[in-house]
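J.: Got a predicted structure here, sequence first:
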Amino acid sequence: MTQQIDHGVLRFLTCGSVDDGKSTLIGRLLYDSKAILADALQAIERTSARRGHSQVDLSLLTDGLQAEREQGITIDVAYRYFATGTRKYILADAPGHEQYTRNMVTAASTADLAILLIDARKGLLRQTRRHLALAHILGIRHLVVAVNKMDLVAYDQARFEAIRSEVEAFAASLGVAHLTFIPISALEGDLIVDRGERLDWYEGPTLLEFLEAVELEDPRQGRPFRFPVQGVLRPHQDFRGYTGRIASGRIEAGEEVVVLPSGRRTRVKALWLGTLPLSEAFAGQSVTVELEDDLDISRGDLIAGPSQAPVPTQRLEAELFWLSETPWNPARKYLFRHTSRETRAHLQGTAQRLDLDTLTRHAAPSLALNDIATLAVQLQHPVVVEAYATDRATGAFILVDEATQATVAAGLVR
């Protein structure tokens, strides 16, 4: 018997314009892959019958909020978890309405792959362009364009090819290097899990086959060592360890490291996974690092490899996604939270707001909900950041209203 290879966890989201069938796609994926529990299936069967549908409304599997069911739209990010024999999945169904762009940003922040749905009848719409641009800005490496509702255009190959050309032209203007195109019918199930017989002119993989096979090489493993300190562990007087999650790279006991922002150098005395000693540790592991020297290190500091160590700074340029219904007040200060460090921040200069329709920037005196703009950020204390394009973990931050503790913006270091 051949042993199946575990391809790990794939985090992906669906996005696109409203009513392009995102929730139905996810429902079909869960239904045809046998990932629905019997009680959940019975519940959506009853709801579908109450609505007068002749068949099961699979979109109800992700439209979990009562308000969504009443309106027939998705207004929040619905997360679902499932597994096949090949890998585990964490999926997010992002809202299609323009006013919920912030929800799409939230869903995309941790995604490895994005499925961009396009209605075969409508082609590339305004919000579809916005979502493709956002996915690219947020650094999602694998982008799949699923041309949905092929059943409503008689499974016409010429229509599929016309949409492919339109999307490729727009993607080229963004600088997107590669897209995968798959024609599907979420309602009928063609090329989601099963191939069906009505799209026989398409020779590529089904959507699930593509998700099963996509390779997610972890760029963090090849990056220099970065370890944001989350806490100091002192169970007794003879032991001092620093706890946290390795953001990137790898480390071995005995290796030299530098502590930032102080710049002090030392060596790793030991590595611990709980009470288990380790000879080495890798990106993604939560460990305790014990150092040879007794240094003044606290939460928010960064332990890094001495080669290519980042330089602490109190000023940076950032791409901001404004998430709050309260507009940006240039006179106000916010809390800047980055990895495990927090300091006060002041946004300076004139915001250069991005127009996602024309992909041009214009000066803006303020920022409102869902706006995207570049701004300078002045910090009260030094932080150790890197460009988001280089490392997601050390290149991302959030801004918090100090009075309400509400998150007002997400930022990417430029």
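T.: Yep, it's here.

J.: since we're on the nearest residue to Leu271 once chain neighbours are set aside, how many residues are nearby?
T.: Using C-beta to C-beta, 6 or more residues apart in numbering and skipping residues adjacent in sequence, the residue nearest Leu271 is Leu278, 4.1 Å away. Every residue, glycine included, has its C-beta placed from N, CA and C. By other C-beta atoms under 10 Å, 18 other residues sit near Leu278.

J.: show me the contacts for Leu278.
T.: Ala253, Leu271, Trp272, Val287 (C-beta atoms under 8 Å, 6 or more residues apart in numbering).

J.: Okay, buried residues for the strand or helix carrying the third one please.
T.: Under the assignment given by DSSP states H and E, the secondary-structure element containing Trp272 is strand 264-273. Neighbour-count burial for strand 264-273, with 16 or more other C-beta atoms under 10 Å as criterion, is recorded at Thr266, Val268, Ala270, Leu271, Trp272.

J.: Can you list the neighbours in contact with it?
T.: 241, 251-259, 277-281, 285-293, 295, 306.

J.: Could you do stretch 179-187 as well?
T.: 21, 24-25, 27-28, 58, 120, 142-151, 155, 157, 160, 164, 167-168, 171, 190-192, 196, 198-199, 202, 204-207, 210.

J.: hey, which helix is longest across this protein?
T.: helix 157-174 (DSSP state H).

J.: quick one: strands adjacent to the following helix or strand past that one?
T.: Using DSSP H and E, the helix or strand that follows helix 157-174 in sequence is strand 180-183. With DSSP bridges as the test, strand 180-183 is paired with strand 142-148 (parallel).

J.: so what are the domain limits for this structure?
T.: As given by automatic domain parsing, the domain ranges for the chain are 9-213, 226-304, 313-413.

J.: Kindly provide the whole-number mean pLDDT of the last one.
T.: This means domain 313-413. If you average the pLDDT over domain 313-413, you get 94.

J.: try the longest one
T.: Averaged across domain 9-213, pLDDT comes to 85.

J.: Now do it: distance from first to last residue.
T.: Domain 9-213 has its terminal residues 12 Å apart, counting by C-alpha to C-alpha, to the nearest Å.

J.: And it, how far out from the chain middle?
T.: In terms of C-alpha atoms, centre = their mean, to the nearest Å, the centre of domain 9-213 is found 16 Å from the chain centre.

J.: how close does the residue nearest to Leu271 sit to Gly249?
T.: Separation of Leu278 from Gly249 (C-beta to C-beta, to the nearest Å): 15 Å.

J.: Also Ala213?
T.: Separation of Ala213 from Gly249 (C-beta to C-beta): 27 Å.

J.: Give me the more crowded residue out of these two.
T.: Gly249 (20 against 11).

J.: quick one on the thing from earlier: out of the contacts of stretch 179-187, which end up buried?
T.: Buried, going by 16+ other C-beta under 10 Å: 21, 24-25, 27-28, 58, 120, 142-151, 155, 160, 164, 167, 171, 190-192, 196, 198-199, 202, 205-207, 210, out of the contacts of stretch 179-187.

J.: Now, the contacts of strand 264-273 that are in strands?
T.: 241, 251-252, 256-259, 277-278, 280-281, 286-291 (DSSP state E).

J.: Can you tell me which of the residues you listed are buried?
T.: Using 16+ other C-beta under 10 Å, the buried members of these are Gly241, Ile251, Val257, Val258, Val259, Leu278, Ala281, Val287, Thr288, Val289, Glu290, Leu291.

J.: can I get these in JSON lines with distance to Val229 and pLDDT?
T.: Shown next, in JSON lines, are those (distance: C-beta to C-beta, whole Å; pLDDT from 0 to 100):
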{"residue": "Gly241", "distance to Val229": "10", "pLDDT": "97"}
{"residue": "Ile251", "distance to Val229": "13", "pLDDT": "96"}
{"residue": "Val257", "distance to Val229": "11", "pLDDT": "98"}
{"residue": "Val258", "distance to Val229": "13", "pLDDT": "98"}
{"residue": "Val259", "distance to Val229": "9", "pLDDT": "98"}
{"residue": "Leu278", "distance to Val229": "17", "pLDDT": "97"}
{"residue": "Ala281", "distance to Val229": "14", "pLDDT": "96"}
{"residue": "Val287", "distance to Val229": "11", "pLDDT": "98"}
{"residue": "Thr288", "distance to Val229": "11", "pLDDT": "98"}
{"residue": "Val289", "distance to Val229": "8", "pLDDT": "98"}
{"residue": "Glu290", "distance to Val229": "13", "pLDDT": "98"}
{"residue": "Leu291", "distance to Val229": "11", "pLDDT": "98"}
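
J.: would you list those residues in JSON lines and tack on distance to Leu359?
T.: Formatted as JSON lines, those follow (distance: C-beta to C-beta, whole Å):
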{"residue": "Gly241", "distance to Leu359": "48"}
{"residue": "Ile251", "distance to Leu359": "41"}
{"residue": "Val257", "distance to Leu359": "42"}
{"residue": "Val258", "distance to Leu359": "40"}
{"residue": "Val259", "distance to Leu359": "41"}
{"residue": "Leu278", "distance to Leu359": "47"}
{"residue": "Ala281", "distance to Leu359": "42"}
{"residue": "Val287", "distance to Leu359": "42"}
{"residue": "Thr288", "distance to Leu359": "46"}
{"residue": "Val289", "distance to Leu359": "44"}
{"residue": "Glu290", "distance to Leu359": "49"}
{"residue": "Leu291", "distance to Leu359": "47"}
